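Engineer: Need a 3D model of the following:
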Amino acid sequence: MKKNAPYFSLVFLASLIVLSACQNKDKDPQPPTRAELLAGNFNKKWKNTAATLVLKNTSSPIIYTADLFNPADSLMTKPFLSCQKDNILVFFSDKKYLLDEGTIKCNASNPQTSEATWDFNSDKTILTISVVDPISKKVLTTESTIKEISTTTLKLENITFDTYTYNGRIDTIKTTINYTLVAQ
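Structural biologist: Below you'll find the predicted structure:
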């Protein structure tokens, strides 16, 4: 029996290794959460690569669409400037947010970075970014619908409604801006 002890020990050890390997294979890795997709494990950088504008007058069938990254296509609107296109948005896992002005700043007196916070609504379909205005000290909030989020792409949609009076008639313009951001 003592002669077989090393053999039984080796068989027992091999059995443990095989069983533990099988148990590890049975556990499926969990897909990343929306927060992990947005901010990674600590932080994640995003760059805006496309933006389209759609204006719709609610009382008429006329729709105006513009590519905000193409100055020739933005006849009625101000397109994104080079100083805006190189901005980097950094989302941190502790729900802080940083806007880095990039290499080209639109205004030399602007700080290189601006801090804010971010959060999701309860079903994680709306991304809210809140920043304190340095002049008024008021909290400014932007809510964007998340149209797509993956490890490499973030697509957001912002919708606003503006009411105006023209020739005594009250009308509303629906403005939709769709942003595409790519992980850096």
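Engineer: going forward, measure contacts between C-alpha atoms and count neighbours the same way
Structural biologist: OK.
Engineer: any idea how far C83 is from E36?
Structural biologist: According to Cα to Cα, to the nearest Å, E36 and C83 sit 28 Å apart.
Engineer: Compare these two and say which one has the larger neighbour count.
Structural biologist: E36 (18 against 14; other Cα atoms under 10 Å).
Engineer: Tell me who's in contact with the nearest residue to the more buried one once chain neighbours are set aside.
Structural biologist: By the measure of Cα to Cα, 6 or more residues apart in numbering, the closest residue to E36 outside its immediate chain neighbours is S93, 7.3 Å from it. Contacts for S93 (Cα atoms under 8 Å, 6 or more residues apart in numbering) come out as A35, E36, A39, G40, N41, F42, N43.
Engineer: Kindly indicate which of the residues you listed lies nearest N110.
Structural biologist: If you rank those by distance to N110 using Cα to Cα, N43 comes first, at 23.3 Å.
Engineer: from memory the closest one sits against K95, does it?
Structural biologist: No: using Cα atoms under 8 Å, N43 is not in contact with K95, being 9.5 Å away.
Engineer: one step back: filter the contacts of S93 down to the buried ones, ChimeraX style.
Structural biologist: In ChimeraX syntax, the buried subset of the contacts of S93 is picked out as below (16 or more other Cα atoms under 10 Å):
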select :35,36,39,40,43
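Engineer: K124: which of the contacts of S93 is nearest?
Structural biologist: Nearest to K124 among these is A35, at 8.6 Å by Cα to Cα.
Engineer: Columns distance to I173 on top of the contacts of S93, output as CSV?
Structural biologist: Formatted as CSV, the contacts of S93 follow (distance: Cα to Cα, whole Å):
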residue, distance to I173
A35, 33
E36, 36
A39, 34
G40, 37
N41, 40
F42, 40
N43, 37
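Engineer: Return the member of the contacts of S93 nearest to T52.
Structural biologist: T52 lies nearest to A39 out of those, by Cα to Cα, at 24.3 Å.
Engineer: ok, that closest one to D28 distance?
Structural biologist: Distance, A39 to D28, using Cα to Cα: 22 Å.
Engineer: Likewise for C106?
Structural biologist: With distances taken as Cα to Cα, C106 is found 47 Å from D28.
Engineer: which one of these two has more residues nearby?
Structural biologist: Between C106 and D28, counting by other Cα under 10 Å, C106 is the more crowded of the two (13 against 7).
Engineer: SS state for the closest residue to that one other than its chain neighbours?
Structural biologist: Excluding its sequence neighbours, the residue lying closest to C106 (Cα to Cα, 6+ apart) is C83, at 5.1 Å. Of the three states, C83 takes helix under DSSP: H, G, I helix; E, B strand; the rest coil.
Engineer: All set, thanks.
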